[in-house]
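K.L.:
Mind folding the following:
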Amino acid sequence: MDTPVPQPPPSSRPSRSNDRKPGARSRRIRNDLRWGRFWVAVVFVLVAVSYAGAIKFTPPRQVDRHVLMVACVTAVIWDALLLLAIWFRNNWARVVFIGLHVIAVIVFCGVLPTLLMIRPQWPAMVVSKLGACVLLHAISVGLLVSLRWVERLTNRAYQ
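P.N.:
Model prediction:
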């Protein structure tokens, strides 16, 4: 004898697809774009602070200040242009920015330990402050790689 399986009562709640208000997706996309642009601005501030720290903490007698200033200002200009391209949703700029800064972090991580051997007159505190500047670069790259808002900002399929 087959006993009928009790069926749950029909739900009075509408399905999830009908649950959303009209325009909720577009509001969510606008919100994600705002957060993505916010984080792009944060990355620019981190990078600019790291360049300013490199200028401030490098001993003046050991390095030609003019050359260092020109290099840092040039780097800030290029970073600003790449971040502006990211702001306007160009994914190639995100890839180029991440690639260049990963190379810079790798190079500086190799250079900083040798500074203590080449320039023993530099105090360890100066090298550690320069290391903090490199760490800011690494954090900025990490933010651009890991944040979904920045990824959605540069993804044209997400519109």
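
K.L.:
SS state for R61?
P.N.:
Following DSSP: H, G, I helix; E, B strand; the rest coil, R61 is assigned to coil.

K.L.:
Starting from V40, give me the distance back to the residue lying closest to T58 once chain neighbours are set aside.
P.N.:
Residue nearest to T58 in three dimensions, not counting chain neighbours: L68, with 6.1 Å by CB to CB, 6 or more residues apart in numbering. (Each C-beta comes from the backbone N, C-alpha and C, glycine too.) L68 is 26 Å from V40, where distance means CB to CB, to the nearest Å.

K.L.:
who's more crowded, these two?
P.N.:
V40 (23 against 15; other CB atoms under 10 Å).

K.L.:
close enough to count as contact, that one and V150?
P.N.:
Yes: taking CB atoms under 8 Å as the definition, V40 is a contact partner of V150 at 6.5 Å.

K.L.:
Now for these two: what residues contact both?
P.N.:
Contact with both V40 and V150 is made by residues I86, according to CB atoms under 8 Å, 6 or more residues apart in numbering.

K.L.:
Which residues outside stretch 88-97 are in contact with it?
P.N.:
With contacts defined as CB under 8 Å, 6+ apart, stretch 88-97 is touched by D79, L82, L83, A85, I86, V141, L144, V150, L153, T154, N155, R156.

K.L.:
Can you go through these and name the buried ones?
P.N.:
Buried members of those, counted by 16 or more other CB atoms under 10 Å: D79, L82, L83, A85, I86, V141, L144, V150, L153, T154.

K.L.:
Dump the residues you listed to TSV, plus pLDDT and distance to P59.
P.N.:
TSV is the format used below for the buried ones among the contacts of stretch 88-97 (pLDDT from 0 to 100; distance: CB to CB, whole Å):
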residue	pLDDT	distance to P59
D79	93	25
L82	93	30
L83	92	30
A85	92	35
I86	92	34
V141	90	27
L144	88	31
V150	86	36
L153	84	40
T154	83	39
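
K.L.:
Turn these into JSON lines, including distance to G53 and secondary structure.
P.N.:
Output for those, formatted as JSON lines (distance: CB to CB, whole Å; DSSP: H, G, I helix; E, B strand; the rest coil):
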{"residue": "D79", "distance to G53": "15", "secondary structure": "helix"}
{"residue": "L82", "distance to G53": "20", "secondary structure": "helix"}
{"residue": "L83", "distance to G53": "19", "secondary structure": "helix"}
{"residue": "A85", "distance to G53": "25", "secondary structure": "helix"}
{"residue": "I86", "distance to G53": "23", "secondary structure": "helix"}
{"residue": "V141", "distance to G53": "16", "secondary structure": "helix"}
{"residue": "L144", "distance to G53": "20", "secondary structure": "helix"}
{"residue": "V150", "distance to G53": "23", "secondary structure": "helix"}
{"residue": "L153", "distance to G53": "27", "secondary structure": "helix"}
{"residue": "T154", "distance to G53": "28", "secondary structure": "helix"}
